[in-house]
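In: Structure of the sequence below:
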Amino acid sequence: AGERVKPAITDERPDSRLIENPLTAPAALNVMSNGYYNVMTTATGAGYSRAGEIAVTRWNGDGAEERTGTFLFVTDTGSGQWWSASAEPKRAPGESTHAFFCDDKSTFTKTVGTLSTEVECIVLSEANGEARRITLWNESDRDRHVEVTSFAEIALAYEAADSAHPAFSKMFVRTDIDPATSTIFAERRRRSTGEPAIALAHFVTFGPTGAPSSAAAARSPTPPHSTRTPGFQALAASRSIR
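Out: Residues are numbered from 1 along each chain as shown. Okay, the predicted model is just below:
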């Protein structure tokens, strides 16, 4: 976690909103865009990514569960306990969560015991993509080994077509991994020459100290640590923090 100071959850900008305990607070969401690439996040951490009319990630709009979107999961390898870095989709006993929205960023904070995380989500202004940065604070008096896993259900299709036949749509997403960089590449196989070429890259970067990482095109209908069947992409990385 380096020497970064743990921030207070305050901001005086007029466009900012703080949602305390998103699981019980009134529903809230934030939409960020560079004019073509759009990301919507709810206060619990669910949401979608869109590139024009193309659904980059799948979204079912179920307000009762809010389990679709791009998520980061934290695993304490010492205890085996794991949870999402946002309020949903995986809760932890005794957790404390907040969401903070402004025009250009969504921030999610969560504290489980003596381990705190902050996830910042932005849309890139100079390219069609998004970035998520996770910062961890270990407030205990011992070293901890933590795994961070990113997880999203990839669509890469026109939203209407994907929503009409999601199971059929999943069959045409192909993934490859670059072992040198642990980058996951996803591409939609075209069924005709008239269809557009649609692809994405998913990767992890670290601070100057570096850290080992690994990638896996895991296909599962629920987050990691669950039964696997076709559908999702996941990328995992681990790092020891003090």
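In: what residue ranges in this structure are flagged as low confidence?
Out: Along the chain, segments meeting pLDDT under 70 span 1-13, 207-242.
In: Regarding it, what is its longest strand?
Out: Across the chain, the longest stretch assigned as strand under DSSP state E is strand 144-158.
In: show me the contacts for residue 199.
Out: Listed by CB atoms under 8 Å, 6 or more residues apart in numbering, the contact partners of residue 199 are 156, 185-188. Where C-beta positions appear, they are placed from N, C-alpha and C, glycine not excepted.
In: Now stretch 17-27: buried residues?
Out: Neighbour counts over stretch 17-27 (16 or more other CB atoms under 10 Å) mark 18-19, 22, 25 as buried.
In: hang on, the earlier thing: which one of the contacts of residue 199 is nearest to residue 79?
Out: residue 186 (32.6 Å; CB to CB).
In: what about that closest one, neighbour count?
Out: By other CB atoms under 10 Å, 20 other residues sit near residue 186.
In: Helices of the protein, residue ranges please.
Out: Here the chain has its helices, by DSSP state H, at 159-164, 166-170.
In: Point out the other helices and strands that the shortest one packs with.
Out: By that I understand helix 166-170. Applying 3 or more CB pairs under 8 Å, 6 or more residues apart in numbering; DSSP states H and E, we find helix 166-170 packed against no helix or strand.
In: List every C-alpha atom in it, with coordinates, as PDB.
Out: Extracted in PDB, the C-alpha atoms of helix 166-170 (Å, rounded to 0.1, in the frame of the first residue of the first chain):
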ATOM      1  CA  PRO A 166     -27.400 -14.000 -23.800                       C
ATOM      2  CA  ALA A 167     -26.600 -17.700 -23.700                       C
ATOM      3  CA  PHE A 168     -26.300 -17.800 -27.500                       C
ATOM      4  CA  SER A 169     -24.200 -14.500 -27.500                       C
ATOM      5  CA  LYS A 170     -21.700 -16.000 -25.000                       C
END
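In: buried ones in that helix?
Out: If you call a residue buried by 16+ other CB under 10 Å, then helix 166-170 has these buried ones: 169-170.
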